[in-house]
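Trainee: Give me coordinates for this.
(2 chains)
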2 protein chains.
Amino acid sequence: MAPLPKHLTGDKAAIDEFINQFDVFLFDCDGVLWSGDHLFPGTVETLELLRSRGKKTIFVTNNSTKSRADYLKKLTSMGIPSNVDEIFASAYSSAIYISRIMKLPAPKNKVFVIGEAGIETELRSEGVEFLGGTDPALRRDITPEDYTNIANGSMLDENVGIVLAGLDFHINYLKLSLGYQYLARGAKFLATNLDSTLPSAKTFFPGAGSISVPLINMTGQQPIALGKPSQAMMDSIEGKFHFDRKKACMVGDRLDTDIQFGLEGKLGGTLAVLTGVSRKEQWEVEDAPVVPHYYVDKLSDLSG
Amino acid sequence: MAPLPKHLTGDKAAIDEFINQFDVFLFDCDGVLWSGDHLFPGTVETLELLRSRGKKTIFVTNNSTKSRADYLKKLTSMGIPSNVDEIFASAYSSAIYISRIMKLPAPKNKVFVIGEAGIETELRSEGVEFLGGTDPALRRDITPEDYTNIANGSMLDENVGIVLAGLDFHINYLKLSLGYQYLARGAKFLATNLDSTLPSAKTFFPGAGSISVPLINMTGQQPIALGKPSQAMMDSIEGKFHFDRKKACMVGDRLDTDIQFGLEGKLGGTLAVLTGVSRKEQWEVEDAPVVPHYYVDKLSDLSG
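Mentor: Numbers count the residues shown, from 1 in each chain, chains lettered A, B, ... in the order given. Predicted coordinates:
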């Protein structure tokens, strides 16, 4: 059994020792730095404290609707100083995986996207051809002709070799039908991330994992996931930033994505914050599957 | 291990003996009598043969988009003589379950429907109040205000006690968000049926089970299913028709819904047809989970 995590809130000496151990802090964002459009008090000061002590800060998000450039805007609008090279999002992670790891031979290497503009931007920046996504032609009801034309292939692009599913606020029956059909015809199945829910307005809305799960249900196939806790994402981050995993700490609010991600990636530390999804009761039970090394009530307790 | 099923195709004596054993034949429809809009040759003649020998025929369908009256129209348009009392569909089964078995006390007994008009017709016929369903106000994109109004409850009807999910060709992010929120606030979770796919145009499209699966994924709850193979449906059918289960045979194309339904219901017989989803290779493997008593290549082999 993993030992219980150390509670850092209010313990200045322990906080100091905690910070000193690490060179790099990987931050989940929503539920850690802010919730929806509400910046948590003290977030900026905490990041500044870490940076002033020479720590590298990296923002690692499963949010697949935004490109890195979009995410930089979000950080800036929240008053968090940052730059695009500090940002690692699941849309970017997916694009990198497709272009640099899968490298399917042309011409059967197009991507059918279920998702929003952020995925398209990152695929475009990696030179990956795609269709679907925000195409307005797919934002409509299915018609009787569609059944025939999907079945006989005339509505399909025969060069699709990959279906990539992320969070899609415009999910519909037609897109799910097309996604299924490409998978049934042999396309590889990727998901930006598998979060079942998206925290917003102090409750939950469907997450990317609840957009791809109908395709999992229909095909019996599990997608390769490119978001936390997938180690495909950790490998990409390390490949880009070249840090010592033992001197890196993952900070997050979700045990089953963020903390799991850090533990599986054998980072030196994992810090849970209680301002998001997970509760400390989850690791206080016997045989808790995921136990962080440390926790704070809120991120700003590190600088409080 | 269950013995392999008897293959009746081409064996007139065995077919005769098979038919003689039963008083009642329960038929799955799509994949058995027809596929999509294509009536299989010999379907009408086979039903007439059974009826001429005094057998009761009942059409049992997981199709939740149609009311019994809609389904009668479908049978009639296909050239299959029938009447509404021979029809048992999952929308009807769901309405019966809500009104006669659950009987939630008013006022917290409204149903939030994810599905099409057939469900609404059957709920109305049982006097069950509902919202959602085909309401055009929900056939739109989610807006920033919706997040707030769903979270604070102002967009919700506080008298919703049940979420019923069936096949919805107009599924969208807003409906899934509302369905989740009602469940998170304690509503009971029902599904008309859990078929992952819907056969059409000789391929597959998302079935009702792929519409409810995002809610299962988000809540971790399993719905009570009112379609095959759920025995809640068998109990309803028996309650209505009062037949001897030992003298009844379930005819279907899906092992995991139709045949499982007959086996779990301890009917005297189950007959698989090979004109739909399942293949005989599925029961020819060792430890096959579902093995029918009989099979034919196609339904009309019974009258051929």
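Trainee: just the strands in the stretch 51-200 of chain A please.
Mentor: A:56-61, A:87-89, A:110-114, A:130-132, A:160-165, A:188-191, A:197-200 (DSSP state E, counting those that start in this stretch).
Trainee: In the host helix or strand of A:F18, which residues are buried?
Mentor: According to DSSP states H and E, A:F18 maps onto helix A:12-20. Within helix A:12-20, the residues scored as buried using 16 or more other C-beta atoms under 10 Å in any protein chain shown are A:15, A:18-19. Bear in mind the C-beta positions are built from the backbone N, C-alpha and C, glycine included.
Trainee: give me the number of residues near the residue in the stretch 1-150 of chain A that chain B sits nearest to?
Mentor: Residue of the stretch 1-150 of chain A nearest chain B, by C-beta to the nearest C-beta: A:Y147 (4.5 Å). By other C-beta atoms under 10 Å in any protein chain shown, 20 other residues sit near A:Y147.
Trainee: for chain B, what are the nearby residues on the stretch 151-300 of chain A?
Mentor: Residues of the stretch 151-300 of chain A lying near chain B by C-beta under 8 Å from any C-beta of the partner chain: A:151-152, A:168-173, A:176-177, A:180-181, A:184, A:196-197, A:200-207, A:209-211, A:213-215, A:217-218.
Trainee: related to what we said a few turns ago, what residue, apart from its backbone neighbours, is nearest the residue of the stretch 1-150 of chain A closest to chain B spatially?
Mentor: Of all residues not flanking A:Y147 in the chain, B:A201 sits nearest, at 4.5 Å (C-beta to C-beta, 6 or more residues apart in numbering or on different chains).
Trainee: Over to A:E45?
Mentor: A:S303 (5.1 Å).
Trainee: Local confidence estimate at the one you found?
Mentor: The model reports A:S303 with a pLDDT of 94.
Trainee: Give me the number of neighbouring residues for it.
Mentor: 16.
Trainee: same check, this time on A:S210
Mentor: A:S210: 26 neighbours (other C-beta under 10 Å).
Trainee: wouldn't it be in contact with B:Y173 here?
Mentor: No: taking contacts as C-beta atoms under 8 Å, A:S210 lies outside contact range of B:Y173: 9.6 Å.
Trainee: low-scoring pLDDT stretches of chain A, where are they?
Mentor: By pLDDT under 70, the weakly predicted segments of chain A are A:1.
Trainee: can you pull out the helices in the stretch 1-150 of chain A?
Mentor: A:12-20, A:43-52, A:68-77, A:90-96, A:117-125, A:144-151 (DSSP state H, counting those that start in this stretch).
Trainee: Show the secondary-structure elements that the second one is packed against.
Mentor: Same thing as helix A:43-52. With contacts taken as 3 or more C-beta pairs under 8 Å, 6 or more residues apart in numbering or on different chains; DSSP states H and E, helix A:43-52 sits against strand A:56-61.
Trainee: And the shortest one, by the same measure?
Mentor: Counting contacts by 3+ C-beta pairs under 8 Å, 6+ apart, helix A:90-96 is packed against helix A:117-125, helix A:231-241.
Trainee: buried residues in the first one?
Mentor: Buried positions in helix A:117-125, judged by neighbour count with 16+ other C-beta under 10 Å: A:118-123, A:125.
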